[in-house]
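Enquirer: give the three-dimensional model of this entry:
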Amino acid sequence: MAERIISTNQSYPKIKNSSVRKSLFTYFMPIWVFFLIIFLCISLLNTWYKSDTTKLAFKIERLKREKALLKDELIKLNIEVERLTSPERIREEIVPKFNLVLPENRPIELEKKH
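Expert: Numbering: from 1, shown residues only. Have a look, this model is predicted:
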């Protein structure tokens, strides 16, 4: 009976293409894995780059808004400095408070000694 099974197995034709396919598949498998790893690395780098770019864009916009607020504050402070150093304010508030005498509006004349 064992002879019959062996002879039956010998009657089937051998498929040579499957061994060729296996050898091509096993030959190209490392190349496909390499390309897959490269593709995944590029995808990860691209995602990281876009997220980093987005973070920087948000930071730039926040700094622009902060700059605009600081410019407005600087303008207000310059106006306050001009108001506090104006001669009219000095005459109205400082002179009476400290009992100062303002100089007259006539030109100063120097006496010459002979």
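Enquirer: just for the protein, where's the confidence low?
Expert: 1-22, 114 (pLDDT under 70).
Enquirer: residue boundaries of the helices in it?
Expert: 2-11, 16-84, 87-89, 95-98 (DSSP state H).
Enquirer: now the ones you listed as TSV including distance to residue 105 and mean neighbour count?
Expert: Heads up, the C-betas are built off the backbone N, CA and C, glycines and all. Listed next are those as TSV, based on distance: least, CB to CB, whole Å; neighbours: other CB atoms under 10 Å:
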stretch	distance to residue 105	mean neighbour count
helix 2-11	130	8
helix 16-84	22	10
helix 87-89	12	9
helix 95-98	15	9
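Enquirer: quick one: closest of these to residue 112.
Expert: When the helices of the chain are compared by CB to CB, helix 87-89 sits nearest residue 112, at 31.6 Å.
Enquirer: ok so, going back, export the helices of the chain to TSV and tack on distance to residue 110?
Expert: Shown next, in TSV, are these (distance: least, CB to CB, whole Å):
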stretch	distance to residue 110
helix 2-11	136
helix 16-84	34
helix 87-89	25
helix 95-98	26
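Enquirer: and residue 109, which of those helices is closest to it?
Expert: Once the helices of the chain are compared by CB to CB, helix 87-89 is nearest, at 23.2 Å.
Enquirer: Provide the contact partners of stretch 88-102 at residue level.
Expert: With CB atoms under 8 Å, 6 or more residues apart in numbering as the test, stretch 88-102 has contacts from residue 83.
Enquirer: quick check: end-to-end length of that stretch?
Expert: Stretch 88-102 has its terminal residues 12 Å apart, counting by CA to CA, to the nearest Å.
Enquirer: and if you look at stretch 96-105?
Expert: End-to-end for stretch 96-105, by CA to CA: 19 Å.
Enquirer: now swap in stretch 93-104 and tell me
Expert: Length of stretch 93-104, first residue to last, CA to CA: 18 Å.
Enquirer: could you report the neighbour count for residue 90?
Expert: Using other CB atoms under 10 Å, residue 90 has 13 other residues around it.
Enquirer: to clarify, my last question referred to residue 110.
Expert: 5.
Enquirer: got the phi and psi for it?
Expert: phi -100, psi 140 (degrees, to the nearest 10).
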